[in-house]
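Enquirer: need a 3D model of the following:
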Amino acid sequence: MRTLLIILLLGMLVAAGYFAYSAMSIEGEPLPAEGYLALALGAGFAVVVGIGLMMLLFFSSRRGYDEPPHFR
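Expert: Below you'll find the model as predicted:
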């Protein structure tokens, strides 16, 4: 079972690598300045959301909100 899972995951990795290589080797016009701006804003927004969610995770863990309820 474990071997099948490893083979499946390696196959997915090879497929992702193939698709990434084929997408990078397509000839065409370069990305315009607006495209780079949109890429930078999207990546920055993703980082800010990730940091915010991690802050909420640590905040709730330190305040005890993640503990199971204690019944008397």
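Enquirer: any idea of the mean pLDDT in the lengthiest helix in the chain?
Expert: In the chain, taking DSSP state H as the definition, the longest helix is helix 33-63. Helix 33-63 carries an average pLDDT of 95.
Enquirer: how about the contacts made by the residue nearest the centre of the chain?
Expert: The residue lying closest to the centre of the chain (C-alpha atoms, centre = their mean) is residue 46, at 8.8 Å. Contacts for residue 46 (C-beta atoms under 8 Å, 6 or more residues apart in numbering) come out as none. (C-beta placed from N, C-alpha, C; glycine too.)
Enquirer: 817 is where my numbering starts, stick with that
Expert: Okay, using 817 as the starting number, the last item reads as residue 862.
Enquirer: how far away is it from residue 873?
Expert: For residue 862, the distance to residue 873 (C-beta to C-beta, to the nearest Å) stands at 16 Å.
Enquirer: how far does stretch 844-854 stretch from start to finish?
Expert: Start and end residues of stretch 844-854 are separated by 19 Å (C-alpha to C-alpha, to the nearest Å).
Enquirer: actually stretch 878-888, not the one I wrote
Expert: 23 Å.
Enquirer: sticking with residue 821, tell me its helix or strand.
Expert: If you go by DSSP states H and E, residue 821 is part of helix 818-840.
Enquirer: now that helix - C-alpha only, PDB.
Expert: The C-alpha trace of helix 818-840 is given here as PDB (Å, rounded to 0.1, in the frame of the first residue of the first chain):
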ATOM      1  CA  ARG A 818       2.800   2.400   0.900                       C
ATOM      2  CA  THR A 819       4.700   1.600  -2.200                       C
ATOM      3  CA  LEU A 820       1.600   2.300  -4.400                       C
ATOM      4  CA  LEU A 821       1.200   5.700  -2.600                       C
ATOM      5  CA  ILE A 822       4.900   6.600  -3.300                       C
ATOM      6  CA  ILE A 823       4.600   5.500  -6.900                       C
ATOM      7  CA  LEU A 824       1.500   7.600  -7.300                       C
ATOM      8  CA  LEU A 825       3.000  10.700  -5.700                       C
ATOM      9  CA  LEU A 826       6.200  10.400  -7.800                       C
ATOM     10  CA  GLY A 827       4.000  10.100 -10.900                       C
ATOM     11  CA  MET A 828       2.200  13.300  -9.900                       C
ATOM     12  CA  LEU A 829       5.500  15.000  -9.400                       C
ATOM     13  CA  VAL A 830       6.800  14.000 -12.800                       C
ATOM     14  CA  ALA A 831       3.500  15.100 -14.400                       C
ATOM     15  CA  ALA A 832       3.700  18.500 -12.700                       C
ATOM     16  CA  GLY A 833       7.300  18.900 -13.800                       C
ATOM     17  CA  TYR A 834       6.400  18.000 -17.400                       C
ATOM     18  CA  PHE A 835       3.600  20.500 -17.500                       C
ATOM     19  CA  ALA A 836       5.700  23.200 -15.900                       C
ATOM     20  CA  TYR A 837       8.500  22.600 -18.400                       C
ATOM     21  CA  SER A 838       6.100  22.600 -21.400                       C
ATOM     22  CA  ALA A 839       4.400  25.800 -20.100                       C
ATOM     23  CA  MET A 840       7.800  27.600 -19.800                       C
END
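Enquirer: many thanks, I have nothing further to ask.
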